[in-house]
Every structure is written in C-alpha cells, then in structure tokens.
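**Q** Return atomic coordinates for the entry below.
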Amino acid sequence: MSRQELVEQAVKAAANAYNPYSHFSVGAALLSKGGDLFVGVNVENASYGLTVCAERSALFSAVSAGCREFSAIAIVASGDVPPPPCGACRQVLAEFCAGDFEIILATIGNPEVTEVYTLDDMLPHRFELQ
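**A** Sure thing, here's the model as predicted:
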C-alpha cells in the first residue's frame, strides 16, 4: 500500500471520530508488515484523561486481532498543520515498532501534502525495559 493510499484510509477513518468537546477529528491507518490495515479515531470523553488518541485506537485494534509487527502509520487531523503523535502514542508505538517504522502526517483538508518521519525521528530516546 502506498503512503498516499494509507493517508486516504486515515481520512476515511477520521469521519468516525468522536470529538464533541474539541471538535478536532483525528484518523489513523496502521499498516502491518503482512499488509493488514487497522484504522482508529480519537474518542473523547467528558473526563479528558480518558480520551483515546487515534493512533492508540488503531494499534490496540491490531494487537487485539493478534498483529504485532508494523511498517507504517498515517495520521491525519482536521487542523491546518499535520498532526504529530503525542508522547504517549509515540511510546506505545515504540512498544511494537522498530526505529525505521514510518509515521506519515497530513491534514484532512490537504491529504496530498505529507510529512514523513521515522519512529527514531519522533522518539530518539524511547523507554525500553531491559
């Protein structure tokens, strides 16, 4: 699956975001090394600390389905700037993804313009239990 196709899947997913408080839609499309696709959206809660990000939503869905190896994730949001994953999402991705794992960012309104990083770019000094 191409980077652009992955972004398109994230845009489709973002339509299902539950964001009655921030009105900020986020969608993620996670690609396994085997070619399986898992999508996720942000799900907000009146108790903000219980909100789940789109990236973790997609990853938890994949892990629940038995998938543990991933090659890339596309993340899109409704803002004007491509949305980098929060620190918690970066660390959760690091639990399952190698340093060369691709993180593709775009906006819902302009999905053709992307920024691409690796997990090492985003989280160079991640916590790892030895």
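
**Q** Now do the same contact list for residue 30.
**A** 37, 38, 39, 40, 55, 58, 59, 62, 70, 72, 73 (CB atoms under 8 Å, 6 or more residues apart in numbering). Where you see a C-beta, it was placed from the backbone N, CA and C, and this is true even at glycine.

**Q** isn't residue 44 right up against residue 51?
**A** Yes. In this structure, residue 44 is within contact of residue 51 by CB atoms under 8 Å, at 4.7 Å.

**Q** three-state assignment of the residue most central in space within the chain?
**A** Central residue of the chain (CA atoms, centre = their mean): residue 55, 3.1 Å from the mean position. Secondary structure, DSSP: H, G, I helix; E, B strand; the rest coil: residue 55 is helix.

**Q** what does residue 29 give?
**A** Following three-state DSSP, we place residue 29 in the strand state.

**Q** Strands along the protein, start to end?
**A** Taking DSSP state E, the strands of the chain run over residues 26-32, 37-41, 70-77, 102-107, 115-118.

**Q** and the shortest one, which residues are buried?
**A** Spelled out, it's strand 115-118. For strand 115-118, the buried set under the neighbour-count rule, 16 or more other CB atoms under 10 Å, comprises 117, 118.

**Q** how much space between the residue nearest to the centre of the chain and residue 130?
**A** Separation of residue 55 from residue 130 (CB to CB, to the nearest Å): 25 Å.

**Q** on that earlier part again, just the buried ones from the contacts of residue 30, in PyMOL syntax?
**A** Only the buried entries of the contacts of residue 30 go into this PyMOL selection, using 16+ other CB under 10 Å:
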select buried, resi 38+39+40+55+58+59+62+70+72+73
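
**Q** if we can go back for a sec, for the residue nearest to the centre of the chain, what are its contacts?
**A** By CB under 8 Å, 6+ apart, the residues touching residue 55 are 28, 30, 40, 73, 75, 85, 89, 92, 93.

**Q** do you know how far it is from residue 76?
**A** Plainly put, residue 55 is 11 Å away from residue 76 if you go by CB to CB.

**Q** which residues are in contact with both of these two?
**A** Here residue 55 and residue 76 have residue 28 as joint contacts, going by CB under 8 Å, 6+ apart.
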